[in-house]
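**Q** Predicted structure and sequence below. I'll ask about it afterward.
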Amino acid sequence: MALALDTPDRDTRRRRTRRPGIASVTLVPAAILVLLAVLGPVLVPFSPIDVVDRPDLPPGGAHWFGTDSAGMDVFSRTIAATRNNLLIGLITTVLATSLGILIGLVVGMNESRRGPVGTLARGVSRALDLVQAVPAIIIGLVLIAFFGASIPSLTVALTVCLLPNQARLVRAEVLRVRGEAYLDAARVSGDSELVLIAKHVLPNSSWPALENASLVFGSAIVLTAGLGFLGVGLHPPTPEWGSMIAIGAPGAASGRWWSALFPAVALALTVFAVSGVGRRLFGDD
Amino acid sequence: MTTSALEESTQATPTPQPDALLEVRGLTITYPTPTGPFTAVDGVDLVLRPGDKVAVVGESGSGKTNACMAVAGFLAPEAQVSAEAMAFAGADLRARRALAIPERITGVGVVFQDAMTSLDPVWTVGQQLCAVIRHNEKLSRKEVRARAADWLRRVGLHDTERVLAARPYELSGGMRQRVMIAIALSARPRLLIADEPTSALDATLSRELMQLMVELTEELGAALLMVSHDMALCQAFTDRTVVMYQGRVVDQGPSRTLADTATHAYTRGLIACVPRLENADWKRLPTMARVEGVPA
Amino acid sequence: MTHLWTRNGWWVRRLAVLPLHLLIFALVVFFLVKLIPGDPVAVLSGGQPMTPEQYEATRASLGLADPIWVQLTTFLGDAVRLDFGNSIISGIGVMDEMSTRLPETVELAVMAMTISALLALALGFLVVLRPRNAVSRVIASYARAAGAVPDFCLGVAGVFVFYSVLHWAPAPIGRYATSLNAPPRTTGFPFLDALLSSDTVLMSSMIQHLWLPIGVLVVAYAPMLLKLFIRSLDQAKNAQATRFRIASGASRPMVLLSVGRRALPSTIAMFGTIFGFMVGGAVVVEQLFAIPGMGEYAVQAVTRADFVALRGFLLVVGAVSLIVFFLVDVVTMSLDPRRRPGVATAGG
Amino acid sequence: MSATIQFTDVRRVFRGRGGAEHAAVDGVDLLVDSSTRLGIVGESGSGKSTVVRMMLGLDHPTAGSVEFDGVPLASMSAPALRAFRRQVQLVAQDTSSSFDPRRTLRDALRKPCHNLLELDTAAADAAIDRTLEALSLDPALAARKPHQVSGGQRQRFSIARALVVEPTVIVCDEAVSALDVSVQGSVLNLLKEHCENHDAGLVFVSHGLPATAFISEELVVMYQGRVVERGPVGRVLFETEHPYTQTLVDAYRVTEGVPS
């Protein structure tokens, strides 16, 4: 457009300003979570992986959250599971986001090239679309069948599930940034293509993936729990929210709500807390 | 006097004007910002009679677009508008409902700068044009179609079947702009607000389209309120020019003689600064005393 | 003729790549499943000791003795004839299982998605047109929290509240009371079959059994749609094109229709993704409500290392997803022709 | 120092997504050096921007050649390209996107100093401050991000980025089109003054005829990818040969109120 509108770019200015008071409050739950993940196993009153009492005891003085159908302490298990679930979520988010940015960057910069590099880039781009055609939980199931259920294998499986979307987000942004005038200006100022990508394209096109990272984290946690719920996640008695909910589900149907409710609440709170962090870091969404 | 009516001084009276099509008095628009309210428009008066052709000129940030969009009802929701009077064809515009999607002020049409973004990309030209005609006139399907083709011919597009079936992005820039003018006028507005209507176009096309727009509004008996930064264009195609600077009206007068009658230094500077063909051989261009970038 | 092609070429071309995508998908599935560690023969024998002759015979019966490209062509050739082999555990044909399970899952997904889509459409417009309304605010904040409460949490909570406490829902077992017989099979879609056979008892039992799982899916997935639709509507509403529509004098319904049409395509794309999710991913809800569907089959195949069943399952789910993606593409491309291949939208 | 960019029968073809080919530039011969101020006018789509990109080695011809001192830009080695950029600099069109929004203006200005002049940071900053002062810009503004200064100031920074290496040819692509008229004049004066005082060549590409005519000595008129008319400014404006040039000149005559 040749001419800017009368109104100054008020929108961008408003988006940059934050209300510090409200913002820091959203960080508190996340801080508590991290604390629990680190200290949880030390704090819990009972062993989270052993039968400690009679099964199906309702919440009370000895067992704050009751015991599950095997007789394990729900409170200890819920707290102890924080570490496993958060760890998987965190590693998955870091891997999926950094690999997603890398792939998106390489694909986006080379897609319109002629020759084998361009063809390969376009192929990867289509492949990313195809992977998205398969529901994440199915990919998870298959990959777990591959490697067996462990924290590293879960992390790899979830990274494969969640990476394509991150890569696509970055790719779309790279395609936009690639046409920006400041890239030409930097070329004229003597930057080589590599410097250009590292200093200008990367910082300006990775924000959608970073913004989406909290969602990836949430998805990773939910998917871990989902696989646990289906019985293909971490093997019991390893404390993990999804398998705890699965074990508690039949009980909930017959009125013993506690062994499913508490891990479910923990799961939901975690996802909320993380999206709070995402909002704090990356604006209103 | 910081604000001044559009009317010549002999006619400027504070009393309501019964024959006015558009009457705006003391229009003030402020936006809340983190550093306190920002006043975009500060006490602007504007009176238009049927058939008037008026230009509002000014540079970016002068408030000209804000003032005119306030009349059309298209300001951002956070804008705070106040006015002593704001009426179109006798209806008080201040009483309008604030809706998430604003309603049209009956009788006011708008032409924007960029036809590419203004036309709806997912509908064909025919669908957009017919939707307007159908809503404003009771006609049969066939008559609507014929009227649409007729409008296209009036804006100089003779390959009507192809244009009606085309979507905006399939047309050239000039054709799109013509289509936008046709659609804006097809509801027979009594006032056409043109916001930088040709700024994105080349000089030759720009002249042609301004000519077309002026002719068609005259044919409809509509008034034209044009917003522009291009002094030369305003002088050539409007009767009166209002000069805005920092949210206020600083000068106004007949367009053709504004260069001679301008009282405000800013207006005189604005006229002198424009590069012209006849000063192509000058050593230096005249510039405003206020040079941007120099620390105050 | 050329006219016909320029008008319809875009979706014909899109349709033409569908088999290619399916083929690529089939290849990936074949090699992926091949790579899974573990010996199918050992799985089949259940750990019983076997003589080398028995072992070889079993291997040959599974087709594993052939060279890999023979296995591949056999697999692809069978797949084209919709023969996905027999489960190595149960011996039941994968296609037979699929033909009963797929319609059941698809039916569940269609019902849940239809309700979700209608809700998203209505609530989206409500939130965008009446942003200050108290109801709108509640809906908007729920939509913003999309995905925070996973479907299985909602499911467990739903079963506890509506079955165990309130007794509004029957026990979460199956899609109709165990005392009733299955409807006569005409379409394979149970509810539709019950409807066609005018079996009112069966139908009411189905409604009683299905409202909760469908409700869970809707509550879990509708916010994702709604969140995106609200955002797209907001963008479309504030676009210059909307202003020009209003200013040029189009009717109010036309303005809303125009806003909606510009906002829908991205939401429909999301709709496709979630639909694909549900076909494979109603897994969790099916498991919880003991509804025999695709999900249950997948879990069995994985836990029992049944490579034939897994392969067949993946192929079917992939095919359904790819077909849904195709339909979604066609709908979005007809709503917004700029999305059609070969359409250049740059100004100039 | 000789610095000559020679376009020989240059053709640049773009392929649309449907496979249709479109020649944005077709059979253009041009000679650019430090001895003259050359204006290129034409409407949007006439191929001016493609010419600019090829002139700077950002794009290469499909046929014909663009050579700098006899070496084709398309096959230049990295050091030769740096030497070329040292001589030929760009003032870009869109002030709002010609600076990386995440970096300060000083960062952007240091780039040519580091890459092309091989100055260390202190020397670069000194050179930058000198250039900014010559352009009546407060060096303190350089600490800001591009969106924190006005459009006019940004355009001056864009000019400063080009001038800081003291090039022999400055290429301006619609350098004043997005500016308010009150700023346009001063920017044009500044460019003209610099070229006169430093014996630098200028290529001024724009769709605005009056501004181009003011700043240039020679005028090239482009229409649909081809050069339709060229000559000294006065000759092109007042003894017009090509009908397209005539409509262009007439368009300004009418809006300026001068009867044609």
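**A** Sure, I can see it. Numbers count the residues shown, from 1 in each chain, chains lettered A, B, ... in the order given.
**Q** Now name the helix or strand holding C:G215.
**A** Assigned by DSSP states H and E, C:G215 belongs to helix C:200-238.
**Q** How far does that helix sit from its chain's centre?
**A** 14 Å (Cα atoms, centre = their mean, to the nearest Å).
**Q** Apart from its chain neighbours, what residue comes closest to the residue in the stretch 151-296 of chain B that chain C sits nearest to?
**A** Ranked by Cβ to the nearest Cβ, the top residue of the stretch 151-296 of chain B for proximity to chain C is B:A187, at 3.0 Å. Where you see a C-beta, it was placed from the backbone N, CA and C, and this is true even at glycine. Spatial nearest neighbour of B:A187, excluding adjacent residues (Cβ to Cβ, 6 or more residues apart in numbering or on different chains): C:G249 at 3.0 Å.
**Q** What number of residues are in the vicinity of the closest residue to chain A within the stretch 1-150 of chain B?
**A** Of all residues in the stretch 1-150 of chain B, B:T65 sits closest to chain A, at 3.5 Å by Cβ to the nearest Cβ. Other residues lying near B:T65 total 25 when counted by other Cβ atoms under 10 Å in any protein chain shown.
**Q** State the pLDDT value of it.
**A** pLDDT recorded at B:T65 is 89.
**Q** quick check: longest helix of chain A.
**A** Ranked by residue count and defined by DSSP state H, the top helix of chain A is helix A:74-110.
**Q** got a list of contacts for stretch B:65-75?
**A** The contact list for stretch B:65-75 (Cβ atoms under 8 Å, 6 or more residues apart in numbering or on different chains) reads A:5-7, B:22, B:24, B:27, B:29, B:40-41, B:44, B:46, B:56, B:79, B:81, B:86, B:88, B:93, B:96, B:102-105, B:108, B:110, B:193, B:195-196, B:225, B:227, B:244, C:243, C:246-247.
**Q** residue contacts, residue 230?
**A** Chain wasn't specified; assuming chain A. So A:L230 contacts A:137, A:141, A:246, C:283-284, C:287, C:299 (Cβ under 8 Å, 6+ apart).
**Q** you looked at the wrong chain, it should be chain D
**A** Contacts of D:R230 by Cβ under 8 Å, 6+ apart are D:218-221, D:236.
**Q** Just send these back as TSV, with pLDDT, distance to D:F204 and secondary structure too.
**A** Below are these laid out as TSV (pLDDT from 0 to 100; distance: Cβ to Cβ, whole Å; DSSP: H, G, I helix; E, B strand; the rest coil):
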residue	pLDDT	distance to D:F204	secondary structure
D:E218	93	10	strand
D:L219	93	10	strand
D:V220	94	10	strand
D:V221	94	13	strand
D:V236	90	14	helix
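**Q** Would you mark the buried spots in the helix holding C:G215?
**A** C:202-203, C:205-206, C:209-210, C:212-234, C:236-237 (16 or more other Cβ atoms under 10 Å in any protein chain shown).
**Q** Next secondary structure after that helix?
**A** helix C:240-248.
**Q** Spell out, range by range, the strands that occur in the stretch 1-150 of chain C.
**A** Counting by DSSP state E, counting those that start in this stretch, the stretch 1-150 of chain C has no strands to list.
**Q** Up against chain B, what does it have?
**A** Listed as neighbours of chain B in the stretch 1-150 of chain C under the rule Cβ under 8 Å from any Cβ of the partner chain: C:128-131.
**Q** Let me see the ranges of the helices in the chain.
**A** Since you didn't name a chain, this refers to chain A. A:10-16, A:20-43, A:74-110, A:115-132, A:136-147, A:151-177, A:181-188, A:193-196, A:202-205, A:207-229, A:241-253, A:258-282.
**Q** I was thinking of chain C, sorry if that wasn't clear
**A** Counting by DSSP H, one finds helices in chain C at the ranges C:2-35, C:40-45, C:52-61, C:68-80, C:94-129, C:134-144, C:151-158, C:190-196, C:200-238, C:240-248, C:252-281, C:283-288, C:294-303, C:307-335.
**Q** Packing partners of the fourth one?
**A** Going back to what we said before, that points to helix C:68-80. helix C:2-35 (3 or more Cβ pairs under 8 Å, 6 or more residues apart in numbering or on different chains; DSSP states H and E).
**Q** tell me the angle of the helix it packs on relative to helix A:136-147?
**A** 30 degrees (axes from the mean of the first three to the mean of the last three Cα atoms, to 10 degrees).
**Q** quick one: stretch A:56-72 near chain C?
**A** No - Stretch A:56-72 stays clear of chain C (Cβ under 8 Å from any Cβ), getting no nearer than 13.3 Å.
**Q** In PDB, could you pull the C-alpha coordinates for that stretch?
**A** Extracted C-alpha coordinates of stretch A:56-72, given in PDB (Å, rounded to 0.1, in the frame of the first residue of the first chain):
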ATOM      1  CA  ASP A  56     -11.000 -48.100  47.900                       C
ATOM      2  CA  LEU A  57     -10.800 -46.100  51.100                       C
ATOM      3  CA  PRO A  58     -12.600 -42.800  50.800                       C
ATOM      4  CA  PRO A  59     -10.600 -39.500  51.300                       C
ATOM      5  CA  GLY A  60      -9.900 -39.000  55.000                       C
ATOM      6  CA  GLY A  61      -7.400 -38.200  57.700                       C
ATOM      7  CA  ALA A  62      -4.800 -40.800  56.800                       C
ATOM      8  CA  HIS A  63      -5.300 -40.800  53.000                       C
ATOM      9  CA  TRP A  64      -6.200 -37.300  52.000                       C
ATOM     10  CA  PHE A  65      -7.400 -38.300  48.600                       C
ATOM     11  CA  GLY A  66      -8.300 -41.900  49.600                       C
ATOM     12  CA  THR A  67      -6.800 -45.100  48.100                       C
ATOM     13  CA  ASP A  68      -7.400 -46.600  44.700                       C
ATOM     14  CA  SER A  69      -8.700 -50.100  43.800                       C
ATOM     15  CA  ALA A  70      -5.300 -51.600  44.500                       C
ATOM     16  CA  GLY A  71      -4.800 -49.900  47.800                       C
ATOM     17  CA  MET A  72      -2.300 -47.300  46.700                       C
END
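**Q** which residues make contact with that stretch from outside it?
**A** Residues contacting stretch A:56-72 (Cβ under 8 Å, 6+ apart): A:46, A:48-55, A:73-75, A:77-78, A:237, A:244, A:247-248, A:250-251, A:256, A:258-259, A:262.
**Q** and the stretch 101-250 of chain D, which of its residues are near chain A?
**A** Close to chain A, as judged by Cβ under 8 Å from any Cβ, the stretch 101-250 of chain D has residues D:101-102, D:108, D:111-112, D:114-116, D:147, D:151, D:158, D:161, D:177-178.
**Q** What residues does the stretch 101-250 of chain C have near chain A?
**A** Going by Cβ under 8 Å from any Cβ, the residues of the stretch 101-250 of chain C near chain A are C:145, C:147-150, C:152-153, C:155-157, C:159-160, C:163-165, C:171-172.
**Q** The same query, at a cut-off of 10 Å, please.
**A** Counting by Cβ under 10 Å from any Cβ of the partner chain, the residues of the stretch 101-250 of chain C lying close to chain A are C:144-161, C:163-165, C:171-173, C:227, C:231.
**Q** are any of the residues you listed buried, and which?
**A** Neighbour-count burial (16+ other Cβ under 10 Å) is assigned, among these, to C:144, C:146-160, C:163-164, C:172, C:227, C:231.
**Q** The helix holding C:G215 close to chain B?
**A** Yes - Helix C:200-238 reaches chain B (Cβ under 10 Å from any Cβ) through C:233-234, C:236-238.
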